[in-house]
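J.: Below is the sequence, then the predicted model.
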Amino acid sequence: MKTAMCLGLILFSVILVGCLVPQEVPEVTPAGFEEPIWLENQGIGCVSVALDPRHSKLGMAYSERANQVGDGQWMLMYAELDSSGNWQIQAIGDVSSYTDCSLEFLADGSPLVVYYRDQIGMTSSSLYSASLGDDGVWQIERLFNTLCSRDSLAIDPTTNTACVFGNSTGDYNLYWALYDSSVGSWNFDLLSWADACAESAQFNRLTSSFCCAFTTLSWTNHPAVLCYFDGQGIEDIKTEEHAYSWIPSLAISPTTGYPHISYGSEYIYYDGAQWVITEVIKGAAFTSICLDPLTEEPKIAYAKDFSYIVGDRLNLAVCQAGEWTINTFGKIKCEAVSMVLTPTGKAIMVCSGRDVLCVEMEEGAWPLAPLPGEGEEDG
């Protein structure tokens, strides 16, 4: 019998039951960053942030415990920053306490969220999408006819095609689904027989391909493997020496099309000939990587591994000319993090914790000036 271990599957149980508290960190905000913005003060689970520079939109999806008694009722929420600097928050629908979510903006600036929740009469969850209609009502659709536990969404900005990758808790395989706008429905298919555990998706503009970094499950005498799907085939990157896998985060260079991955304490990238693996962040587990649009150097937001998760602080690792600098945000206890960069390379991070949801930005990150593009007039 397989005894699967994956941080992506145990994250929210860790949030609920608690674990060790790390050493105290000075409660200061690093130079060059705004003071954190606190949005919620009750149970928070998953979080995903998205930025649409063409329409000057910043949004996030997250799960929130609506009832403080026991496990309570959990809701999937959407928050968007308006032109006045206020967050407008809407409820999308009920979810499981351990749900995962992924948010992107479509070409017209409307948000699209994928997530999973329990099905009535079933013991596990299916994958759903939620899109905001012109009437302001969220349209919810079930994507997969299989049970899912993690998901990651990517958008082709040219065709406005959405692609979601999801792993199954029924057969532990990796699936993907493309949205067919001509008929208004999702078409899903099996991508890999690999025992998928956690994934991160991006669209590669140079190859016009949806790509995915993912890990396999591990069990006795079968270690976890970090893999990369480039739109055509799957390549093994590295095999773990321990009995669990991290949750990868993927970014793709807009000039070379090569993948860059944050994976636990490691920064991994393909240089055109081989995979280069460097340990950057000792003890990191939950990461979010972006490439600076101006320099293409990586920035990695992270929290420490699950042994230290409660009470740990948000961190941001920044690479400049091959040298890494670590910024620690002493005021922010972080259990999950999602990050985007502005067109000028400024970081915007959204962090969730047992009792908090907050936003941390570099100085000058917001507000944005709209960029020329679809939905905007050039000039």
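T.: Now that the structure is in, tell me what you want to look at.

J.: Relative to residue 298, how far out is residue 257?
T.: Applying Cβ to Cβ, to the nearest Å, the value for residue 257 to residue 298 is 16 Å. Where you see a C-beta, it was placed from the backbone N, CA and C, and this is true even at glycine.

J.: Please apply the same query to residue 204.
T.: The gap separating residue 204 from residue 298 is 17 Å, by Cβ to Cβ.

J.: Next: residue 280.
T.: Between residue 280 and residue 298 the distance is 9 Å, computed by Cβ to Cβ.

J.: Quick one: low-confidence residue ranges for the stretch 1-150 of the chain.
T.: Counting by pLDDT under 70, the stretch 1-150 of the chain shows low-confidence ranges at 1-26, 41, 67-72, 118-125, 144-149.

J.: In stretch 267-275, which residues are buried?
T.: Buried residues in stretch 267-275, counted by 16 or more other Cβ atoms under 10 Å: 267, 268, 269, 270, 275.

J.: Which members of those residues occur in strands, if any?
T.: Taking DSSP state E, the ones among the buried residues of stretch 267-275 that sit in strands are 267, 268, 269, 270, 275.

J.: Quick check: the farthest pair among the residues you listed?
T.: 267 and 270 (12.0 Å; Cβ to Cβ).

J.: shared neighbours, these two?
T.: Both residue 267 and residue 270 are in contact with residue 260, where contact means Cβ atoms under 8 Å, 6 or more residues apart in numbering.

J.: can you list contacts of stretch 273-282?
T.: Applying Cβ under 8 Å, 6+ apart, the set of residues contacting stretch 273-282 is 237-238, 262, 265-270, 287, 300, 302, 315, 317, 324, 326.

J.: Out of the residues you listed, who's the most crowded?
T.: Compared across those, residue 262 has the highest neighbour count, 31 neighbours, by other Cβ atoms under 10 Å.

J.: tell me which element that one is part of?
T.: Secondary-structure assignment from DSSP states H and E places residue 262 in strand 259-263.

J.: What is the distance between that strand and the centre of its chain?
T.: Relative to its parent chain, strand 259-263 has a centroid offset of 13 Å by Cα atoms, centre = their mean, to the nearest Å.

J.: now swap in stretch 28-35 and tell me
T.: Its chain's average C-alpha position is 23 Å from that of stretch 28-35, according to Cα atoms, centre = their mean.

J.: Same check on stretch 192-201?
T.: A distance of 15 Å separates the centroid of the chain from that of stretch 192-201, by Cα atoms, centre = their mean.

J.: average model confidence for it?
T.: When the per-residue pLDDT values of stretch 192-201 are averaged, the result is 78.

J.: Ends of that stretch, what's the gap?
T.: Between the start and the finish of stretch 192-201 there is a gap of 15 Å, counting by Cα to Cα, to the nearest Å.

J.: For that stretch, buried residues please.
T.: Of all the residues in stretch 192-201, those buried under the rule 16+ other Cβ under 10 Å are 192, 194, 195, 196, 197, 198, 199, 200, 201.

J.: quick one: which two of the residues you listed are the most distant?
T.: With distance counted by Cβ to Cβ, no two of the buried residues of stretch 192-201 lie farther apart than 195 and 201, which are 18.3 Å apart.

J.: Identify all contacting residues around stretch 77-93.
T.: 37, 39, 56-64, 75-76, 103, 111, 113, 117, 130, 132, 138, 140, 366-367.

J.: buried subset of those?
T.: 39, 56-64, 75-76, 103, 111, 113, 117, 130, 132, 138, 366.

J.: and the residues you listed, which of them are in strands?
T.: Among the buried ones among the contacts of stretch 77-93, DSSP E puts 39, 57-64, 75-76, 103, 111, 113, 117, 130, 132, 138 in strands.

J.: where do the strands sit along the stretch 51-200 of the chain?
T.: All strands of the stretch 51-200 of the chain, identified by DSSP state E, counting those that start in this stretch, fall at 57-65, 74-81, 87-95, 101-105, 111-118, 125-132, 138-156, 161-168, 174-180, 185-192, 196-204.

J.: and residue 333, which of those is closest to it?
T.: Ranking the strands of the stretch 51-200 of the chain by proximity to residue 333 (Cβ to Cβ) places strand 57-65 first, at 15.6 Å.
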